[in-house]
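# Any chance you could fold what I've pasted below:
(2 chains)
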Protein chains: 2
Amino acid sequence: MTAWTVAIDLAADAGPTFLRIARSISEDIRRGRLRAGDALPGSRTLATSLGVHRNTVLAAYRELVAEGWIASEEAHGTFVSPQIPDVSPRRFSTQAAVAREIAPRVGFDLGPSRISPLPPPAPLPVPASKSLDGPMSLGGGIPDVRLVPAAELARAMRRVLKRRAVEVLSYGDPAGPPSLRAALASMVSATRGVAARAENVLVTRGSQMGIDLAARALVSPGDVIAVEALGYRPAWEALRASGARLVPLPVDAHGIDVDALEQLCIEQKVRGVYVTPHHQFPTTVTLAPARRLRLLEVAHERRLFVLEDDYDHEFHYEGRPVLPLASADVHGVVVYLGTMSKVLAPGMRIGFVVAPEPLAMRLAAIRRVVDRQGDHLLENAVADLLEEGEIQRHIRRAKRIYAERRERLAGLLESRFASVLSFKLPSGGTAIWTRVANDVAIDAWVARAEELGLVLQPARQFAYDGKSRPFLRIGFAQHDEREVREAIRRMEAALVASTTVRSKAGSARVSRALRSSP
Amino acid sequence: MTAWTVAIDLAADAGPTFLRIARSISEDIRRGRLRAGDALPGSRTLATSLGVHRNTVLAAYRELVAEGWIASEEAHGTFVSPQIPDVSPRRFSTQAAVAREIAPRVGFDLGPSRISPLPPPAPLPVPASKSLDGPMSLGGGIPDVRLVPAAELARAMRRVLKRRAVEVLSYGDPAGPPSLRAALASMVSATRGVAARAENVLVTRGSQMGIDLAARALVSPGDVIAVEALGYRPAWEALRASGARLVPLPVDAHGIDVDALEQLCIEQKVRGVYVTPHHQFPTTVTLAPARRLRLLEVAHERRLFVLEDDYDHEFHYEGRPVLPLASADVHGVVVYLGTMSKVLAPGMRIGFVVAPEPLAMRLAAIRRVVDRQGDHLLENAVADLLEEGEIQRHIRRAKRIYAERRERLAGLLESRFASVLSFKLPSGGTAIWTRVANDVAIDAWVARAEELGLVLQPARQFAYDGKSRPFLRIGFAQHDEREVREAIRRMEAALVASTTVRSKAGSARVSRALRSSP
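Residues are numbered from 1 along each chain as shown, chains lettered A, B, ... in the order given. Okay, here's the model as predicted:
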């Protein structure tokens, strides 16, 4: 018997005694205090020296055998497993069951990242109390989640669980449940001019996933992808993550400059273009029909893919929504993305891709690699709500409310900021793109607003070149009347606070404008 | 006034009349029947010739103006917009509002895929009726979703919605809600020997997402990644999707051959290794302690990352679960993956990654690109259930049931297939890895079983080289007593049906074995 005594600080740890004994012994083996082939004390002997019941030691030994540290030989005793190498002592904790700290850095090369690090998490801007005290945001693209038909959704999910629990809780199709693929195919056929079948539809977790899947399927490192020079940064990050080399193209009152795209194609091999043609993000303009046709022609001639992001499709306030590029896509160049993030809630990630079947299948294969599948309970519930018309009812109701809020915000902007802001009322979406007078220092305005608990979105956030431009994107969907008046009040106060002696005429104008407000 | 008449088949379509008129006119513009600058008929004239109310025509014209096809000039009339290019006629449908068929192929290069296409969707194998008629699967890794604590989960989700609807329905942190990151950090600290803080934890949609994020962060095209030669194909696909060059290493009764890994590192630059050390997938063995230590040493010396997939951690039946590699990871080489897919349900995608903070941040940035964030309603509910101990209660209950089922399946295999199957009872997991006698034609057995409505998993499905090996992976978690007896009955019948005259001794043995069964 080796002259070894196990050092167990039985008082120091929580946890069952047998386990503490086992951990102490395995630590001693790791530290080299016990070596391969060494005999362990008999269970009675160890129990006596530790002052515990023999069964406790037997349980500890069984644990160590199960884990492979020791081996029991009948009539010979218990020995340290011969497979443990002679290890040089490490600086381990003497306490048996203390969890090891995670290393502060990785022990391998992390390498450069293709994408930007995450910004710090933003404080939740929607007012949570009736006192209008909390942080607010006048950013665009924020739906009013209080309008979400939560009760109907909960009811639909309960019904799905009741009837098909096993099915929706088990593994399913990465492309989405058949019910929702079919319902979405019907919807785009009926309302978007695209005769899709379920096989053309992939259900995704928001349009972000659609963008990322398309990028992974279609973009190879170094591929040139054209984007709108004022555009949607998370899409650029997804394209970059797949190695795209982005080239910004100008955006004007009629959308992306298609002549510039054509010129780019003459100069370089272009792989594809990412566009938001319905309500251009962030400028809200609609891509003019002439440009739509020309864009499709160029894509066909040059064999580009056109990633059409039709977020916000339903929220069109003047006439019916404009039919997407996909509705005129004879040659199969369009990869069409839709989302229900503004129809339901951003936290419920329901989006979809509509594409020619060979590409839809490729995207489904990648999707399986990404997260195996979506949330089929939620997706089946949404399918039921689409079939029942509940989603459509909700959209109509939300549209009425958002149309009112669009008018209200427009009126407030006109009356309070007449000489510093100008804009054209957007035909759809959830934001107004306002031109800011040249002598207003936008960044100071935004900074003062932040101090007053109001988030404003200046054009710079959407600019490919990161440079400042004299525009603000102001969202109207998220606030009711009391809330928007408070937000505007903060916006005014911030403007006053930010006005310097830079331009006497400018400050005078601001003061006059504010004095004349109702 | 041009000699143009609009051809509208008013009877043929559904939909509002004004829209059908507008669509016909825009189609005519596309087809070149109307050209830029052409004058349209006055509204009264068109209304008369179509036999509709003038307001209907006015509504159609307003629609076309909103969409940019035509422009109204006071006192001059209505004209086709000057921006429409002269288009050559296309073969369009003459019906106004029919959705366009999606092209059967894409109009750009799809290119080769790094990953395999999806297999056809498998029929749901769990018996859905009490009559035991439906398809069944004896595959491994299928939890019994009927055990999911659905009521508690629903209650927890309702509570989260009641108290924090706005928060969970709005955009949140891509790394997961703070509550769940903290609860998971506590759990791994208390039970897995890894002192994680919330900052080390990323919530993912299943471990699949953890594997894919790690691959995207750490693997560059051409990087050599070592894998177990019998292993988990969806992980290989994720690694391949990021351009990995996989090298299979042998697996024996003690897990992956670490000497072979070391030898590989001598021959080539290796970037990382993907392992399932707790319950090796698919062979169920546990990586021996000596090899664990050596693996960590090699990874440190060679600066490899070790992607440790600890799926099934909780389902360990002999003693306590073995502490993971991450618990001995002094040098920060381990990227630790966990999942609740077998604890909750596969359809509820809850997994997590534990890693040194710089890597966790990188993974969160990529995650934001993938799908923006997880389902924060579900994730918050799971956090609550973890804090209340409800998940832990469920795990204990499921473990008892699965332990019973493990014993029962082992008993049935021993009594019914004594001379064709041999196995060592696995210490954990949800499957038994059985050695099949050499003279049994496995593929024929599997094929006959499929005809009888039973899915069997032969080793070939898990083999890197795709070759057949004489093993079956047989799952025990999914079936209660009636169900497993029926599954075994089908398995026996399939064996008899598949036995050919290849080996008289073999058939004789099978027959004797089956005759001697109770």
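# Contacts only, for the residue lying closest to A:Thr283 once chain neighbours are set aside.
Setting aside the residues directly before and after it, A:Thr283 is nearest to A:Trp433 in space (CB to CB, 6 or more residues apart in numbering or on different chains), at 4.8 Å. No exception for glycine: its C-beta is placed from N, CA and C like everyone else's. Contacts were defined as CB atoms under 8 Å, 6 or more residues apart in numbering or on different chains; by that measure A:Trp433 touches A:282-285, A:423, A:426, A:471-474.
# For chain A, which residue occupies the most central location?
Central residue of chain A (CA atoms, centre = their mean): A:Gln208, 6.5 Å from the mean position.
# could you check the angle helix B:206-218 makes with the one helix or strand it maps to?
Assigned by DSSP states H and E, A:Gln208 belongs to helix A:206-218. Counting by axes from the mean of the first three to the mean of the last three CA atoms, to 10 degrees, helix A:206-218 lies at 60 degrees to helix B:206-218.
# Which SSE is immediately downstream of helix A:206-218?
strand A:224-228.
# Run through the neighbouring helices and strands of that next one.
If you count contacts as 3 or more CB pairs under 8 Å, 6 or more residues apart in numbering or on different chains; DSSP states H and E, strand A:224-228 packs onto helix A:233-241, strand A:245-249, helix A:258-267, strand A:272-275.
# Format these as JSON lines; extra columns: mean pLDDT.
Below are the helices and strands packed on strand A:224-228 laid out as JSON lines (pLDDT from 0 to 100):
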{"stretch": "helix A:233-241", "mean pLDDT": "97"}
{"stretch": "strand A:245-249", "mean pLDDT": "98"}
{"stretch": "helix A:258-267", "mean pLDDT": "98"}
{"stretch": "strand A:272-275", "mean pLDDT": "98"}
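# With respect to chain B, which of those lies nearest?
Relative to chain B, the nearest member of the helices and strands packed on strand A:224-228 by CB to the nearest CB is helix A:233-241, separated by 4.8 Å.
# Just list what the closest one packs against, helices and strands only.
So helix A:233-241, by 3+ CB pairs under 8 Å, 6+ apart, packs with helix A:206-218, strand A:224-228, strand A:245-249, strand A:272-275, helix B:357-371.
# before we move on, the earlier item: distance of the residue nearest to the residue nearest to the centre of chain A when sequence neighbours are not counted relative to A:Ala238?
Spatially, and ignoring its direct neighbours in sequence, A:Gln208 is nearest to B:Arg372 (4.5 Å; CB to CB, 6+ apart). As judged by CB to CB, to the nearest Å, B:Arg372 and A:Ala238 stand 10 Å apart.
# can you tell me the helix or strand for the residue of the stretch 51-200 of chain A found nearest chain B?
Nearest to chain B in the stretch 51-200 of chain A, going by CB to the nearest CB, is A:Ala103, at a distance of 2.9 Å. Using DSSP H and E, A:Ala103 maps to neither a helix nor a strand.
# Surely it and B:Tyr336 touch.
No: with contact defined as CB atoms under 8 Å, A:Ala103 does not reach B:Tyr336; the gap is 11.8 Å.
# Tell me which of those two has more neighbours.
Per other CB atoms under 10 Å in any protein chain shown, whichever of A:Ala103 and B:Tyr336 has more neighbours is B:Tyr336, with 26 against 18.
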